[in-house]
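**Q** Sharing a model that was predicted from the sequence below.
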Amino acid sequence: MSNFKVKIIVGFRRDQEHSIDADEAHKAYFLFLNPEARSVFKSGLAIKGSQIQEIVPDYQGTMGWNPTHILDSNDWNEIHSKGISTKMQKYLSIGKEIAEHAALPDLNVPLPELVKTKYPQLAAPAPKRERGVKRISEML
């Protein structure tokens, strides 16, 4: 997950967006949910929760592209074909879930390690959907 990036947006200008490793997504969500809390990310970014306006995928950073690169349809096709968007949404979802229940020491543990050791239920694959049409009586 270390090559996946998440963007923390603190303002409307391009210079008010900060990219962090996705393994710190839970820390970003914790700060967002606790506006008076403060923390420092591995990159050195020190931020207070009340400054965070949005937490979004950083597809440019994840793909290794220039941060000012504007994504076009070919880029989106590549992102989707490689499964990046699906994985990114899963990381953000898990990060948010952990942030809602995490103890303060958990914030300094990388997200993949937390999932392995403390929250393994979040890594479990979703049950597969059965295909085809069923009668209502078969579903009850």
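**A** Perfect, I can see it now.
**Q** contacting residues around Ser85?
**A** By CB atoms under 8 Å, 6 or more residues apart in numbering, the residues touching Ser85 are Pro57, Tyr59, Ile79. C-betas here are computed from N, CA, C, even on glycine.
**Q** ok, now Thr62?
**A** Asn3, Phe4, Lys5, Ala22, Ile84, Met88.
**Q** Show the contacting residues for the third one.
**A** By CB under 8 Å, 6+ apart, the residues touching Lys5 are Ser19, Ile20, Asp21, Ala22, Pro57, Asp58, Gly61, Thr62.
**Q** go on, the second one?
**A** Under the criterion of CB under 8 Å, 6+ apart, the contact list for Phe4 reads Asp21, Ala22, Asp23, Thr62, Ile84, Lys87, Met88, Tyr91.
**Q** any idea which helix or strand of this structure has the worst average confidence?
**A** None of the helices or strands of the chain scores lower by mean pLDDT, DSSP states H and E than helix 136-139, at a mean of 57.
**Q** Can you pick out the ones from the contacts of Phe4 that are in strands?
**A** Mapping these onto strands (DSSP state E) picks out Asp21.
**Q** ChimeraX command to pick out the buried ones of the contacts of Phe4?
**A** In ChimeraX, selecting the buried portion of those, with burial taken from 16 or more other CB atoms under 10 Å, looks like this:
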select :21,22,23,62,84,88,91
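**Q** For the contacts of Lys5, please prepare JSON lines with the additional fields pLDDT and distance to Leu107.
**A** Below are the contacts of Lys5 laid out as JSON lines (pLDDT from 0 to 100; distance: CB to CB, whole Å):
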{"residue": "Ser19", "pLDDT": "95", "distance to Leu107": "18"}
{"residue": "Ile20", "pLDDT": "96", "distance to Leu107": "13"}
{"residue": "Asp21", "pLDDT": "95", "distance to Leu107": "14"}
{"residue": "Ala22", "pLDDT": "95", "distance to Leu107": "15"}
{"residue": "Pro57", "pLDDT": "96", "distance to Leu107": "20"}
{"residue": "Asp58", "pLDDT": "96", "distance to Leu107": "20"}
{"residue": "Gly61", "pLDDT": "95", "distance to Leu107": "21"}
{"residue": "Thr62", "pLDDT": "96", "distance to Leu107": "22"}
